[in-house]
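following is a predicted model, sequence given first.
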Amino acid sequence: MPGPHFQPLAHPHLLAMLTRILERAEADLRGTLGTSVTVHDGRDADGPTVIASLGVGADMVGAQLSGLGGPVADALTHQIPVVALDLWTDERWPELTLDAVTGRAPARRGDWERVHGAAAVPGLWDDDATVVVSVTLAEPASAATVATLVNYEQLVAAALVTTAAETAAAFEDVLTVLQSRGAIEQAKGALMGLLGCDAEQAWTVLRRASQEFNVKLRELAVALLEHVAGAPAEQPDVAEHIAPDEPARKAAALLWSAMSTAVPQDDS
């Protein structure tokens, strides 16, 4: 069952809620110059959209998505958290410079001159949709910055789910989305246990396998859990169960075998 084709901009109360979430995030982050919530639904031809922002947030995201690159653009593309210590000198985005961004928004020149760090954290909305919470800082970003954004991404996701569920037609689809997130988190946990890696690395492995085998992420996650357990995965009876097809099951078996082979063996 596909996730809801949800239009956040059609819900003013949601936008007000997201603004309050960003205000709380800014209170928890040092040196904040701007924050934003960006949504990309692959079913929309218009591309990513900033649905809430404070400070320089919207202008910064707009610059990155215009072709200059940056943490938000990479978080959307690679589905992993992205952090930058010094945005203007980061070799990953040579076109994202002080002059280039100032040229797009000259009225904010004073703000751009204060920019140092930035971070962006993506969250799964559905197989075809992503939400990214991002921050621009007057000091270097750090692992603590990412950890804070992870917490607020979860609040943003909850706000999106709650609003989408207000329409009865979307309710079952929202439950399926939540079920997908739960399965993916469990699959990440299984990979973390096998590889001894962190959540970001496990997410990278899972997402890359989904793309390389051309199978839905949620089906791969459930198939992986069932392959490891040797039994059907437990799923809450609140929505239609996620049923992996044969390609997803083969992909899960190959992924687990490859990852198991990559783990160093203890000869002691």
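Looks like it arrived, so ask away.

please make it C-alpha for all contacts and neighbour counts, starting now.
OK.

downstream neighbour of the helix or strand harbouring Gln201 in the secondary structure list?
Assigned by DSSP states H and E, Gln201 belongs to helix 199-213. Using DSSP H and E, the next helix or strand after helix 199-213 towards the C-terminus is helix 217-229.

so which elements touch the following helix or strand past that following helix?
Next in sequence after helix 217-229, counting helices and strands by DSSP H and E, comes helix 246-262. In terms of contacts (3 or more CA pairs under 8 Å, 6 or more residues apart in numbering; DSSP states H and E), helix 246-262 is packed against helix 168-195, helix 199-213, helix 217-229.

what sits against the residue nearest the centre of the chain?
Taking CA atoms, centre = their mean as the criterion, Pro122 is the residue nearest the geometric centre of the chain, at 1.7 Å. Contacts for Pro122 (CA atoms under 8 Å, 6 or more residues apart in numbering) come out as 75-76, 79-81, 130-133, 153.

can you check Arg104 too?
If you count contacts by CA under 8 Å, 6+ apart, Arg104 has them with Ala63.

ok, it to Gly67 distance?
Taking CA to CA, to the nearest Å as the measure, Arg104 falls 12 Å from Gly67.

just checking, Val101 touches Val61?
No - the criterion here is CA atoms under 8 Å, and Val101 misses it with Val61 at 10.3 Å.

just for the chain, where's the confidence low?
By pLDDT under 70, the weakly predicted segments of the chain are 1-6, 8-9, 42-45, 125-128, 164-179, 233-240, 262-268.

where does the residue lying closest to Gly55 once chain neighbours are set aside sit: helix, strand or coil?
Spatially, and ignoring its direct neighbours in sequence, Gly55 is nearest to Gly34 (4.2 Å; CA to CA, 6 or more residues apart in numbering). Following DSSP: H, G, I helix; E, B strand; the rest coil, the label given to Gly34 is strand.

which residues touch Gly34?
Going by CA under 8 Å, 6+ apart, Gly34 touches 26, 53-57, 135-137.

can you give me the helices in the stretch 1-150 of the chain?
All helices of the stretch 1-150 of the chain, identified by DSSP state H, counting those that start in this stretch, fall at 12-28, 57-63, 71-78, 98-104, 109-114, 143-164.

list the buried residues for the first one?
Residues of helix 12-28 classed as buried: 14-15, 17-19, 21-22, 25-26 (neighbour count, 16 or more other CA atoms under 10 Å).

hmm, who's touching that helix?
Defining contact as CA under 8 Å, 6+ apart, one finds that helix 12-28 is touched by 8-9, 32, 34-37, 51-54, 148-149, 152, 155-156, 159-160, 163.

which one of the contacts of Pro122 is nearest Ala209?
Distance to Ala209 across the contacts of Pro122 (CA to CA) is lowest for Gln79, with 12.7 Å.

any idea how many residues pack against the residue nearest to Val150 when sequence neighbours are not counted?
Nearest in space to Val150, with sequence neighbours left out and distances taken as CA to CA, 6+ apart, is Val121 at 6.3 Å. By other CA atoms under 10 Å, 29 other residues sit near Val121.

wait, Val121 touches Thr148, no?
No - here Val121 does not reach Thr148: they are 9.6 Å apart, not a contact under CA under 8 Å.

distance of Gly117 relative to Thr35?
Gly117 sits 12 Å away from Thr35, taking CA to CA as the criterion.

now do the shared contacts for the two.
When CA under 8 Å, 6+ apart defines a contact, the residues bordering Gly117 and Thr35 alike are Thr136.

Gly189: what's it in contact with?
Shown in contact with Gly189 (CA under 8 Å, 6+ apart): 199, 202.

look up how far Cys197 lies from it.
Here Gly189 is placed at a distance of 10 Å from Cys197 (CA to CA).

next: Ala209.
Taking CA to CA as the measure, Ala209 falls 16 Å from Cys197.
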